[in-house]
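>>> no sequence for this one, just the structure:
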């Protein structure tokens, strides 16, 4: 982990070439991911090659219009992703608990929903940056709420302005999902990281499943290049039954996230990619 050069030389003495096939560790500058590549002729393996080609097609030199779905619990964990994406994509779709922070920043009462109220200024700055860059940000305008965070509780589907003080927003509503599906139909490229709702529990998986199936159908018919990654995302797409239909699904977590942030990946940069 300390990328010790003496250890790298000792390991390198056992081989003639270095092949890295672990994109999931490519964001780490360890001896085994970066150090060896400076001693031996270093190349990407087939799995790494497939990953890099998919990522290049998604954000490196994608076909526009490009949409990005970014979900998950907290804005704070994906600030760099959001700041990078608004400069790269034409449509930024925000879901999950993150969307609540943006809604609250817009002055909407989100009740008892998961929300980082202290990040209102940051959320508004991201929205302003998107405006400057010509990126359309899509926030839910109808949502599924409940008083309880458990499977199959009583729920309401309401406009975001009608969330009661004691309710939690737990999924994007069906009208918003239908509108998002229409957005994807106008796009040529999709990058997806994070679920739209609390997809682990029914019925709060509905929005994620619905939009994922739309993306899968568009990919099957050849109109969309769809690249997804991250642990929750992989689980959500598997739950929707569409893993095989996306163009590429990366199992990498941290490396995929850092790539979406636009950060250099030392395990990739050290390779002689031909």
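Nice, thanks for sending it over. Computed from a predicted model, the values in this text were never measured in an experiment.

>>> low-confidence ranges in the protein?
By pLDDT under 70, the low-scoring segments of the chain are 273-274.

>>> list the contacts of the spatially most central residue of it.
Centroid-nearest residue in the chain: residue 193, 1.6 Å away (criterion: CA atoms, centre = their mean). Neighbour list for residue 193: 68-72, 78, 81, 228-230, 233, 256-257, 260 [criterion: CB atoms under 8 Å, 6 or more residues apart in numbering]. (C-beta placed from N, C-alpha, C; glycine too.)

>>> what's the local residue count around residue 208?
Using other CB atoms under 10 Å, residue 208 has 29 other residues around it.

>>> about what we covered before: what's the closest of the contacts of residue 193 to residue 180?
Among these, residue 69 lies closest to residue 180 (CB to CB), at 8.2 Å.

>>> list the strands paired with the helix or strand hosting the closest one, with their directions.
Element membership of residue 69 [criterion: DSSP states H and E] is strand 66-70. Sheet pairing of strand 66-70 (DSSP bridges) gives strand 91-94 (parallel), strand 189-193 (parallel).

>>> of all the ones you listed, which lies closest to residue 56?
strand 189-193 (11.1 Å).

>>> just the buried residues of the closest one, please?
By neighbour count on 16 or more other CB atoms under 10 Å, the buried set for strand 189-193 is 189, 190, 191, 192, 193.

>>> between the strands paired with strand 66-70, which one is closest to residue 158.
Of these, nearest to residue 158 by CB to CB is strand 91-94, at 18.6 Å.

>>> run through who's touching that closest one.
Residues contacting strand 91-94 (CB under 8 Å, 6+ apart): 65-71, 82, 85-86, 102, 130, 135-139, 180, 183, 187.

>>> go on, stretch 237-256?
Surrounding stretch 237-256, the residues in contact under the criterion CB under 8 Å, 6+ apart are 23-27, 50-51, 54-55, 57-58, 192-193, 199, 205, 208-209, 212-213, 215-217, 219-220, 224-231, 233-234, 265, 267.

>>> with stretch 128-141 instead?
With CB under 8 Å, 6+ apart as the criterion, stretch 128-141 contacts 83, 85-87, 89-95, 99, 102-103, 106, 126-127, 159-160, 169, 172-173, 175-176, 179-180, 183.

>>> just the buried residues from those residues, in ChimeraX please.
The following ChimeraX line selects those of the contacts of stretch 128-141 that are buried, judged by 16+ other CB under 10 Å:
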select :83,85,86,89,90,91,92,93,94,95,99,102,103,126,127,160,169,172,173,176,180,183
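
>>> so of the contacts of stretch 128-141, which ones are in helices?
Among the contacts of stretch 128-141, the ones falling in helices (DSSP state H) are 83, 85, 99, 102, 103, 126, 127, 175, 176, 179, 180, 183.
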